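Trainee: Just to be clear, the model below is a prediction. Sequence and coordinates:
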Amino acid sequence: KGEGHAEGEKVENPDTGLYYDEYLRQVIDVLETDKHFREKLQTADIEEIKSGKLSKELDLVSHHVRTRLDELKRQEVARLRMLIKAKMDSVQDTGIDHQALLKQFEHLNHQNPDTFEPKDLDMLIKAVSTR
């Protein structure tokens, strides 16, 4: 039985268990505020999403959406840096390779910590679909 949800009503999704679950949810929520992207997402099949074809649509979203995605990415990078610092503090080893630690986080492009680009969406999709 298909139950309809009122417009704007939040539907609770189960936790994915991913350490970046909240970031994933926030990115999806922001992308779905863009009418064009939401329509593309609803009509895309799983292969289009996994292949990165959907990521190219990011260039067509509104400036407001891109600005919000940039902000989310900066917050996620700051969160990851905090995790790395906590790990370093617990180990107290000055020989830690920060870039190697950042490479563990394959759900975003750590080479560009300031803006959310199609590559970020592609990496997020790939990280989720290969887990």
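Mentor: Perfect, I can see it now. Residues are numbered from 1 along each chain as shown.

Trainee: quick one, phi/psi of residue 17?
Mentor: For residue 17, the backbone dihedrals (degrees, to the nearest 10) come out as phi 90, psi 0.

Trainee: Can we start the residue count at 47 from this point?
Mentor: Sure, I'll start numbering at 47, so the last one becomes residue 63.

Trainee: burial of it, as a residue count?
Mentor: When counting by other C-beta atoms under 10 Å, one arrives at 7 neighbours for residue 63. Any C-beta I mention is one placed from the backbone N, CA and C, and that applies to glycine too.

Trainee: For residue 135, see how far away it is.
Mentor: 26 Å (C-beta to C-beta, to the nearest Å).

Trainee: in the chain, which ranges drop under the pLDDT threshold?
Mentor: Applying pLDDT under 70 to the chain flags the ranges 47-61, 136-150, 177.

Trainee: can you tell me how far the spatially most central residue of it sits from residue 169?
Mentor: Closest to where the C-alpha atoms of the chain average out (C-alpha atoms, centre = their mean) is residue 70, at 4.3 Å. Remark: distance between residue 70 and residue 169 (C-beta to C-beta) = 11 Å.

Trainee: Give me the common contacts of the two.
Mentor: By the contact definition C-beta atoms under 8 Å, 6 or more residues apart in numbering, residue 70 and residue 169 are jointly contacted by residue 153.

Trainee: where exactly do the helices run in the chain?
Mentor: Using DSSP state H, the helices of the chain run over 67-77, 81-89, 92-97, 109-137, 144-149, 164-175.

Trainee: what's the closest of those helices to residue 156?
Mentor: Proximity to residue 156 (C-beta to C-beta) singles out helix 144-149 among the helices of the chain, at 4.2 Å.

Trainee: Could you report the neighbour count for residue 104?
Mentor: Number of residues near residue 104 (other C-beta under 10 Å) recorded here: 20.
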